[in-house]
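J.: coordinates only, sequence not included:
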């Protein structure tokens, strides 16, 4: 039984518990702290915390005291009591369950010789019952009194807020990670840092960037020779390699277009060395393509060749769309130019003169035939990356 304590001592205990519970948003940590506090405060033999999922199914998430550690996810107390508490949202105190008309005929009470029981609901600030805290003593009656129930209810009130916060945090982190599967982490962080309930459209910002576009040569013919599942598997394998190469060098994947991939270096987060990073990513992509081609050859399949285009210049980065559908996108000449260069055949790594000028002088390039780029009326100098498979 909880020992008598003056109001000041009890307030201090709850204050310390509140501070302890609020110091973490990791659900397993919060649950363990709650369970340890319950066992300590209530002087109980054992305890259980049960949570209810979205479908209404109850699950023991943690146990404490002398509960069998090998059965930590099994509820070993009175099922009737815990069901009643979760269903009604009302606390239950039984000084001797074996004599209590409400529970004495229940199998769990009889088989386990349950005596003293307290169970209280976990209720959020919005009034939702998300579970319950249960403690008991299997051998002694009158261990708990009405004041102990009130103490446990106070603990449960603090616990419910902490558990609900931890659950919401887990949910938000899950959604964030899911979001990052569809939108690059750079964009995720950029948008979340600048958005609120009043700000959905982010104003455009001008950035000096290097754009990179990749395009598999002859992909239409290649796709026709594959079954649907084989094609999806091939693209997933190919893109997983390309994505790793790009992200490793700080690139932000703007979009996928069939077999093509548009990448920006320098937006939304500015980069001083965006051209060097883009070139390093292109080299890493070529190495991965060489490895992939070796695997394709070993399987008796044709190799692929990939065109990569690089252009450096100013773009506008921001939201485009409506209140119902927004997309963070890039607008500017380099977006079109890198795409155009990636489609020059035979496939190779080509860069504009602005990208070449942004790179160190010792970068080995080969003069390529001049081409007319977007917004130009005269042919511009184009350069081809000097690359061998041994690099």
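T.: Arrived safely, thanks for sending. From a predicted model like this one, the values you see are computed outputs, not experimental measurements.

J.: going by C-alpha atoms from here, please, whenever you check contacts or count neighbours.
T.: Will do.

J.: look up phi and psi at the residue nearest to residue 276 when sequence neighbours are not counted.
T.: If the residues on either side of it in the chain are set aside, residue 276 comes closest to residue 359, at 6.1 Å by CA to CA, 6 or more residues apart in numbering. When quoted as degrees, to the nearest 10, the phi and psi of residue 359 stand at phi -100, psi 160.

J.: my guess is residue 359 meets residue 274, correct?
T.: No. Proximity of residue 359 to residue 274 does not meet the contact threshold set by CA atoms under 8 Å, at 9.4 Å.

J.: these two: which is more packed in?
T.: When neighbours are counted by other CA atoms under 10 Å, residue 274 comes out ahead of the other of residue 359 and residue 274, with 25 against 16.

J.: how near is the more buried one to residue 209?
T.: 6 Å (CA to CA, to the nearest Å).

J.: kindly report the same for residue 384.
T.: Distance of residue 384 to residue 209, given as CA to CA: 19 Å.

J.: looking only at neighbour counts, state which of these two leads.
T.: Neighbour tally, residue 384 and residue 209, criterion other CA under 10 Å: the higher count belongs to residue 209, 28 against 19.

J.: report the contact partners of that one.
T.: By CA atoms under 8 Å, 6 or more residues apart in numbering, the residues touching residue 209 are 264, 265, 266, 267, 270, 271, 274, 275, 312, 313, 314, 315.

J.: now do the contacts for the last one.
T.: Just to be clear, that refers to residue 315. Going by CA under 8 Å, 6+ apart, residue 315 touches 206, 207, 208, 209, 330, 331, 332, 333, 334, 335.

J.: quick check: phi and psi at the third one.
T.: Going back to what we said before, that points to residue 208. Listed backbone geometry of residue 208 is phi -90, psi 120, with angles given as degrees, to the nearest 10.

J.: wait, it touches residue 317, no?
T.: No. Assessed by CA under 8 Å, residue 208 is found out of contact with residue 317, at 10.2 Å.

J.: buried ones from the contacts of residue 209, can you make that a ChimeraX selection?
T.: The following ChimeraX command selects only the buried members of the contacts of residue 209, with burial defined by 16 or more other CA atoms under 10 Å:
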select :264,265,266,267,271,274,275,312,313,314,315
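
J.: let's have the contacts of residue 209 in CSV, adding pLDDT.
T.: Listed next are the contacts of residue 209 as CSV, based on pLDDT from 0 to 100:
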residue, pLDDT
264, 94
265, 96
266, 93
267, 88
270, 88
271, 92
274, 97
275, 97
312, 97
313, 95
314, 95
315, 93
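
J.: out of the contacts of residue 209, which are inside strands?
T.: Among the contacts of residue 209, the ones falling in strands (DSSP state E) are 264, 265, 312, 313, 314, 315.

J.: surely the fourth one meets residue 354?
T.: Translated: residue 313. Yes. Residue 313 lies in contact with residue 354 (CA under 8 Å); the separation is 7.1 Å.

J.: strands along the stretch 51-200 of the chain, start to end?
T.: Ranges of strands within the stretch 51-200 of the chain are 58-65, 92-94, 116-123, 129-137, based on DSSP state E, counting those that start in this stretch.

J.: dump the ones you listed into JSON lines; add distance to residue 285 and mean pLDDT as well.
T.: Converted to JSON lines, the strands of the stretch 51-200 of the chain look like this (distance: least, CA to CA, whole Å; pLDDT from 0 to 100):
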{"stretch": "strand 58-65", "distance to residue 285": "45", "mean pLDDT": "83"}
{"stretch": "strand 92-94", "distance to residue 285": "64", "mean pLDDT": "86"}
{"stretch": "strand 116-123", "distance to residue 285": "53", "mean pLDDT": "88"}
{"stretch": "strand 129-137", "distance to residue 285": "49", "mean pLDDT": "88"}
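
J.: closest one to residue 153 among the ones you listed?
T.: strand 116-123 (6.0 Å; CA to CA).

J.: ok, residues contacting the closest one?
T.: When contacts are defined by CA under 8 Å, 6+ apart, strand 116-123 is touched by residues 81-82, 85-86, 89-97, 129-144, 149, 152-153, 156-157, 159-161.
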